[in-house]
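*Asks:* Model the following, please.
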Amino acid sequence: MNRLIKTTTWEIAEIDKIYSSIFRTIFRELPDQEDKEALFRLIEYLYINVWNILNKRELSNRTRISFNQLDEFFILMEKYKLFYKLLPFFTNTKDENSLHFKVYADNVDIIDFIEKKTWKEISHGNKVENFVYTTLKKLPYKLRTYRKISWNEIDFILLDKDSQIIPVEVKSWNSVSIHKWFPEFLERYEHKIKYFVKTTNTKTQKKHMWNKTIHFIPYNLLTTFIVDIQKS
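*Replies:* Here you go, the predicted structure:
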């Protein structure tokens, strides 16, 4: 794993020099030096693996942090609007992933920070996906991700109070194609699906397939669309 910073030893002086006030505030909540070092290892790992599918056991092994402490650290990071953990949507653990999750940054400033400290440019697609996440989490829905054990994936699942779902596939270009495995997902959840959404760059279109409506919506208009269609 590439290092986030160039130092080989962990020193609080480096934290003060590198991280903004929000990071320093988080570390001040941890009086124990070992806890500070553990949280630093987690943050360092997440900077390199944000937007990747993560497994709690592997994350624990890589960072040398217990399951319970990982949960505590994620609560702390969410409290200070640093990283958010997106849990999986599943109903069948035999072929749907129930153990993996994704992590998103809270805002664009953190994304800019990641770019500077990992010496790599973050793809436009990842930035769009993170933008969509930060907007969707403000809506009055439960937000989840979906992945089959066979690695078929839907970026976001919105669940309303009646357990009806809106699958959202995020793309940053003007494609109006549909994943070939969508019918498989539809067959399993047809009675729950309100409609599908696939984001685009600028293109708006609507298709009717498999007795469902698929909306192609520019990603920056997605939440407005969902709110408006809910009112109609």
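
*Asks:* just the strands in this protein please.
*Replies:* Counting by DSSP state E, one finds strands in the chain at the ranges 53-55, 83-86, 100-105, 142-147, 153-159, 165-169, 196-200, 205-209, 212-218.

*Asks:* Any chance of those strands in TSV with mean pLDDT as columns?
*Replies:* Below are those laid out as TSV (pLDDT from 0 to 100):
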stretch	mean pLDDT
strand 53-55	89
strand 83-86	93
strand 100-105	92
strand 142-147	92
strand 153-159	92
strand 165-169	95
strand 196-200	95
strand 205-209	91
strand 212-218	94
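
*Asks:* May I see those organised as JSON lines, with distance to Glu37 and mean neighbour count added?
*Replies:* (Each C-beta comes from the backbone N, C-alpha and C, glycine too.) Converted to JSON lines, these look like this (distance: least, Cβ to Cβ, whole Å; neighbours: other Cβ atoms under 10 Å):
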{"stretch": "strand 53-55", "distance to Glu37": "20", "mean neighbour count": "16"}
{"stretch": "strand 83-86", "distance to Glu37": "18", "mean neighbour count": "18"}
{"stretch": "strand 100-105", "distance to Glu37": "20", "mean neighbour count": "21"}
{"stretch": "strand 142-147", "distance to Glu37": "30", "mean neighbour count": "19"}
{"stretch": "strand 153-159", "distance to Glu37": "33", "mean neighbour count": "20"}
{"stretch": "strand 165-169", "distance to Glu37": "38", "mean neighbour count": "22"}
{"stretch": "strand 196-200", "distance to Glu37": "39", "mean neighbour count": "24"}
{"stretch": "strand 205-209", "distance to Glu37": "51", "mean neighbour count": "11"}
{"stretch": "strand 212-218", "distance to Glu37": "43", "mean neighbour count": "18"}
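
*Asks:* Tell me which of those strands approaches Trp181 most closely.
*Replies:* strand 153-159 (9.4 Å; Cβ to Cβ).

*Asks:* ok, residues contacting that closest one?
*Replies:* 86, 89, 129, 132-133, 136, 139, 141-147, 165-170, 185, 226 (Cβ atoms under 8 Å, 6 or more residues apart in numbering).

*Asks:* in the protein, which ranges drop under the pLDDT threshold?
*Replies:* 1-20, 117-119, 151, 232 (pLDDT under 70).

*Asks:* Show me the longest helix that occurs in it.
*Replies:* Counting by DSSP state H, the longest helix found in the chain is helix 33-49.

*Asks:* how about stretch 180-197: buried residues?
*Replies:* Going by neighbour count (16 or more other Cβ atoms under 10 Å), the buried part of stretch 180-197 is Phe182, Phe185, Leu186, Tyr189, Lys192, Ile193, Lys194, Phe196, Val197.

*Asks:* and of these, the nearest to Asp106?
*Replies:* Val197 (22.6 Å).

*Asks:* The closest one and Ile229 touch, don't they?
*Replies:* No - with contact defined as Cβ atoms under 8 Å, Val197 does not count as touching Ile229 (9.4 Å).

*Asks:* joint contacts of these two?
*Replies:* Common neighbours of Val197 and Ile229, counting by Cβ under 8 Å, 6+ apart, are His215.

*Asks:* now the end-to-end length of stretch 90-110.
*Replies:* 30 Å (Cα to Cα, to the nearest Å).

*Asks:* what do you get for stretch 111-130?
*Replies:* Counting by Cα to Cα, the terminal residues of stretch 111-130 are separated by 9 Å.
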